[in-house]
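**Student:** Fold the following.
(3 chains)
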Amino acid sequence: MSCAQTFADYALRSIGFGVRALPKTDITLCEQVVLIGSGMVWNAYFAILAVIFGFLFATALAVARASDNIWLRKPSDWYVFLFRGSPLFIQFFFAYELFAQLPRAGIDIPLGFTTITLATSWLTKAWAGALIVLFLNTSAYSSEIFYGALRAVPKGEVEAARAYGMSGFSLFRRITWPTLLRLAWPSYTNEAIFLFHGTTLVFFSGFPAWQQKGDALYYANYFAEKTYNPFISYPIAALYFIIFTILIIALFGAINTRLNRHINPAECPKIKYRPQMIR
Amino acid sequence: MKKILIAAMIAVFATGSAYAQTVRMGTEGAYPPYNFINDKGEIDGFERNVGDKLCEIAKLECVWVKNDWDSIIPNLVSGNYDTIIAGMSITEERDKVIDFTDPYFPADPSAYMALAGAGADVTKGNVAAQVNTIQSGHVAGSGATLVEFATPDETTAAVRSGEADAVFADKAFLQKIVDESKGELIFIGEEVILGKGVGLGVRESDAELKGKLNAAIAIMKKDGSLNALIAKWFDGMKGPY
Amino acid sequence: MCSDPSLLEGWQWLWCYLSTPKHQQFYASFLVVFAVLIVTAPVTMILGFAGALARRSAFLPLRCFGIVYTSMIRGVPEIIFFLFVPIALDQLVEFIRHRIKCPEITDPIYQGADFVVCMAAKMPLGSSPQWAHGLWGFTLAVIAFSIVYGAFAANTLHGALNAVPQNQLETARAFGMSERQIFRRIHLPQMWTYALPGLSNLWMILIKATPLLFLLGIEDIVYWAKELGGAKTSYFAYPHPDWRLWYFLALLVFYLSLTRVSEVVFKSLTARVSKGQSLLGQATAS
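**Tutor:** From the prediction side, this is the model:
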């Protein structure tokens, strides 16, 4: 079978298109490269959605944590502690079991005049359940970064804005938030990378692969077990992740440049590896 | 695939001979009544009894090793243990990779289990099966949507939670679960006989061990002790040997 | 009291259930977590120092190696290393032993799907006692952990060494200290202040990575939680429905307390190390 044929058969195998049966014997290098690459669709899907939603929620959490209102501050502190203090791997297991306990038929919510049935069955599927866990997890880590940055926003900027008559939401949106982002961005880049790497845990932690539709590492693991040779499939997966990580750095670097466009280039904080700020 | 479960429980059989060969018996430990970890934390079940008896007859010193199902064949091939005794059906596909002894358990029907009240069409819906089993191969070929799980326990849990419509597995494994579900779970659809019986897996290069085990199995079949063990573990089922 | 579980009820049943030998193995497996942490942490530090020094080395190949080693974790998920390193190491060791112990066998080692080495090259030998197999697996796991987190530590230490103010080192030079003396007496002691936040973070990462032992086939707390929590029929002395949720809840609580305690300890440690340092506010490495 030619490599082009393999590509046609397996390029979208991870999302259910193409040939149903995975290669079992005489596995070629091409098959490994194509299928593992196909699995990257899942890693990208989880990472992109979790980062986008997580970003919004994390901002809200950071503001809540800086708030004077104890009813906002304490729950957010506890939330962050819960998700930063426990391993993502255990969170996946726990969440899966939790979602599996929900009544399959859905939960009835009586509204008086009518009853809505909240469907729950999709929660045990990786595309939803694992995404929720990743979203909650990255929100906690990101909010820690944003909270730190929020406290580092120069007082002078805020006071100057007040003097101009700004307050409340417009003060936040136009002054605090841009500065916060600017300060947090290098660390947030690291968080995004770690979250992306965390997506590899999904199919190793309770969430089953439906019809062998899994992520890159799921297929890499499949091949390693079928060929009993780890020296090919894992490095392929590693290579994919290196490429995607470089893409993330490039994308976040471009955003970083934009965030700092008013700053003297010599003083612009570079995105670099910050070991003490990682998860 | 170095996934032998570490700190696995051990059973050593004194054979008297100082030169006795140590045979490492690989099993899954999660498939009652074939093999499971009992409350003492030891490997127990039909295959534990059979294996110990075989070792006694063949004068082998046996050590039990737990290993995850999905890597159980690769780890045999790579020599991390010497036999697979884990309710593994003899199939053509496996026979290409490893060798099997004569069966110590006949080809047993596989059955679908579903929640009570399910229609017969669930066998064409989302069907859970353990990965790399003859049952999963059957489901994949039956037109149903296969949902694979790493352990047998997860397959039945998926049916209870409704994640899968039905589970397809050895009937002997499901029997007790159905019996004790207080009517919550039922057998459904047709039973299918798959495979050529259950045998011990050995490496293809290990003809000597295979010979010894085959001889011991023949003795157990002859003296009725195998049938007695089948009756003991499978609700009085009458063994064919 | 626990001799016939079928007669027990309520708390008594639960008490007996939770004290079965199988559960005792579960409790003992918590020690595995601590064992891994205790063994891995120092090895990680050694590798971290080696990596950091390699990166600062004047010898170009060594410096390149240091840079590659410390950046590799940046691009690759650690779990790939965890799945890869133990098998690779295992096969490598057996391959070398095969070459030494059975030079007469010339058949290829990879035969189709099989990895075939002679019996004398097995690591550990098939005839070895079970604990030797356990120890070998544990060792491979610890090596995999150390390699990965050693790279983290190297990054932190490298950053901390760079963060020590140059004028302190210049002062030492002015006092006539040799480069070696400067490193041992000034540079290294001063570095800790800057390294500690990063190292405390690394310790947390290490704690949170321990459940991944399960993927290496170690009978750790995750393995037992899954095994004990699964629904049990009357083949077992204590039949029960699917309780995995509760077992995982217990693990969650265990990890939360472990990280919480570590956090408190590190806070007081940071306070102690930064005593007498002329730093604005808290010590932060860059």
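**Student:** which residues touch B:L200?
**Tutor:** Taking Cβ atoms under 8 Å, 6 or more residues apart in numbering or on different chains, we find B:L200 in contact with B:L54, B:T83, B:I84, B:I85, B:F100, B:T101, B:Y104, B:L213. The way it works is simple: take the backbone N, C-alpha and C, and place the C-beta from them, glycine included.
**Student:** Output those in TSV; the columns should cover secondary structure.
**Tutor:** Below are the contacts of B:L200 laid out as TSV (DSSP: H, G, I helix; E, B strand; the rest coil):
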residue	secondary structure
B:L54	helix
B:T83	strand
B:I84	strand
B:I85	coil
B:F100	strand
B:T101	coil
B:Y104	coil
B:L213	helix
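**Student:** what's the closest of those to chain C?
**Tutor:** B:T83 (11.6 Å; Cβ to the nearest Cβ).
**Student:** Relative to C:L18, how far out is the closest residue to the closest one other than its chain neighbours?
**Tutor:** Leaving aside its sequence neighbours, B:T83 sits nearest to B:L200 (Cβ to Cβ, 6 or more residues apart in numbering or on different chains; 4.9 Å). Distance, B:L200 to C:L18, by Cβ to Cβ, to the nearest Å: 36 Å.
**Student:** What of B:A158?
**Tutor:** B:A158 is 27 Å from C:L18, by Cβ to Cβ.
**Student:** mind checking pLDDT for the closest residue to chain B within the stretch 151-286 of chain C?
**Tutor:** The nearest approach of the stretch 151-286 of chain C to chain B comes at C:G217, 3.4 Å away (Cβ to the nearest Cβ). On the pLDDT scale, C:G217 is placed at 78.
**Student:** More neighbours: which of B:A158 and C:L18?
**Tutor:** B:A158 (22 against 13; other Cβ atoms under 10 Å in any protein chain shown).
**Student:** one step back: what separation do you get for the residue nearest to B:T83 and chain C?
**Tutor:** Separation of B:L200 from chain C (Cβ to the nearest Cβ, to the nearest Å): 16 Å.
**Student:** Quick check on that residue: phi, psi?
**Tutor:** The phi and psi values for B:L200, taken as degrees, to the nearest 10, are phi -80, psi 140.
**Student:** Can you see whether stretch A:146-155 contacts chain C, counting any residue in it?
**Tutor:** No: Stretch A:146-155 stays clear of chain C (Cβ under 8 Å from any Cβ of the partner chain), getting no nearer than 10.1 Å.
**Student:** what's that stretch in contact with?
**Tutor:** When contacts are defined by Cβ under 8 Å, 6+ apart, stretch A:146-155 is touched by residues A:58-59, A:61-63, A:65-66, A:176, A:179-181, A:183-184, A:187-188.
**Student:** for the record, mean pLDDT for the biggest helix by length in chain A?
**Tutor:** In chain A, assigned by DSSP state H, the helix with the most residues is helix A:29-66. Mean per-residue pLDDT for helix A:29-66: 95.
**Student:** which of the residues in it are buried?
**Tutor:** A:30-47, A:50-51, A:53-55, A:57-59, A:61-66 (16 or more other Cβ atoms under 10 Å in any protein chain shown).
**Student:** rewinding a little: which of the contacts of B:L200 are buried, as a ChimeraX select command?
**Tutor:** Of these, the buried ones can be selected in ChimeraX as follows, counting by 16+ other Cβ under 10 Å:
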select /B:54,83,84,85,100,101,104,213
